[in-house]
Every structure is written in structure tokens, then in C-alpha cells.
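Student: dropping the sequence and predicted coords here.
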Amino acid sequence: MVPNMLAEVEKIKRKFPEAWANAHTGNAHTEDFIRILAAHLHAIDPKFGNNGKRGNPDDLSDDALNYKGEGPGHDPTNGNTPVTVIDVIGAAGSPGAYPTWQVFDNLPGPGAWVKPKPVVAPVPPQPPPPPAPVLPPYPGDQVFDQIGVALFADYALAGQPPSPGMGRWIGRTVYDYLAGMPMDQSITKHRAEWKAALGLP
């Protein structure tokens, strides 16, 4: 007897609303929901799979599953083994679509049992990150930026990522600047030290 998995259909509908909205619409994502559902149910019971329409495993039903090993139908791709087709989307492709679990006792034709493939579920869109805060400028920002320009350029030239050790070169350069040395002279003095430490000529 085919187990009733209507609750699982409803759960997957809630979990993947975008895939549900695209089901049986004929667009590029028309098969997303049925593939996700088939893979989910196959993990619960390996007899569940996708359904190939009229026995064609290359033409998947967008709204139906296949259960192998019993049922009124047969699968010509697997030695005419018995199969059952289950409709899982009522009014498929319409705004009024709803989860259902209709087991077909009389099939108009054969169905092909298709093993579900791993499915990468569509990732719901994420909200954009909040804008970076705009900080008020401090007097002397442009002067101090000169240290960063030289320091980061030399680290990049040496193939070194930014590291906590950069703080000492900024501190030494600012120390001499605050002691009265012009910034360009302080940078020249301490740049020679950090370039030597980085192995740069």
C-alpha cells in the first residue's frame, strides 16, 4: 500500500514557496518543486521517485510522483514492473494550486519510475546589507591617510596580507609627527624600517 505523504507535500510547500509558485508553470523552474519533493520522499522511502510521463523517463511530470513495486500501472523501462502514480498538486499551474495526495487506481497509460537526483534548492533572496555608516571626518584624516597609502602599498608589493604588526609602523610614524616632524619626513623615516622588515629594497 502506498503510504500517504500529504503532510510532507504541505511541509515542502511551506519550506520552498518559490519552487511551489513555479511548479507546473512551464518556466525554467517548472520542475524545481517536484524534484525537491521527490528527493525528500525518496530519502524517507526509496520506493518514491519522479514520474516519467507515459513511460518516458526523460519527460518528468511536474505535479506527480511515482511509487514502484506495487500498483495498477507498469513501468516499461524496468521490465514492466508495477508502479503507482500519485498526483501531488491539485489545480497545478494555477493561482489556486493546492497540495493533494491522489493515488491513481486506474492509469490511462504506463509511468516510468525515475530515481531523484540531488537537488540544489533555490536560495531565497537575501535583503541587501545595511549601508556603511558615514563617520564624521576628524581633523588631520587626510594627513594620516598618507601613512595607510604607503604602508598598504608596500605590504601588497611584498605579497604580505594586512597584519597586526602594521599598527607599530603607524604608531611610530604618528609619534614622530606629533613630536613635530613633518608627516612626509616621518613616513620616509619609518617607511625605510618597515620595508626592511618586509624584505623590500
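Tutor: That came in fine, so what should we check first?

Student: can you pull out the strands in the chain?
Tutor: Assigned by DSSP state E, the strands in the chain fall at 48-52, 60-75, 81-90, 98-103, 112-114.

Student: got JSON lines for those strands, with distance to residue 150 too?
Tutor: C-beta here means a position set from N, CA and C on the backbone, and glycine is covered the same way. Below are those laid out as JSON lines (distance: least, CB to CB, whole Å):
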{"stretch": "strand 48-52", "distance to residue 150": "62"}
{"stretch": "strand 60-75", "distance to residue 150": "61"}
{"stretch": "strand 81-90", "distance to residue 150": "64"}
{"stretch": "strand 98-103", "distance to residue 150": "64"}
{"stretch": "strand 112-114", "distance to residue 150": "63"}
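
Student: nearest to residue 123, of those?
Tutor: Nearest of the strands of the chain to residue 123, taken as CB to CB: strand 60-75 at 21.2 Å.

Student: any weak-confidence spans in this structure?
Tutor: Residue ranges of the chain with pLDDT under 70: 108, 120-122.

Student: hmm, 50 instead?
Tutor: Low-confidence regions of the chain, defined here as pLDDT under 50, do not occur.

Student: grab the most central residue of the protein for me.
Tutor: residue 123 (4.6 Å; CA atoms, centre = their mean).

Student: any idea how far residue 197 is from residue 165?
Tutor: Taking CB to CB, to the nearest Å as the measure, residue 165 falls 8 Å from residue 197.

Student: scratch that, residue 91
Tutor: From residue 91 to residue 197 the distance is 72 Å (CB to CB).

Student: and for residue 143, the neighbour number?
Tutor: Applying other CB atoms under 10 Å, we find 13 residues neighbouring residue 143.

Student: dump the residue contacts of it.
Tutor: Contact partners of residue 143, counting by CB atoms under 8 Å, 6 or more residues apart in numbering, are 177, 183.

Student: now do the helices in this protein.
Tutor: In the chain, the segments counted as helices under DSSP state H are 6-15, 17-22, 32-44, 141-157, 166-178, 183-198.
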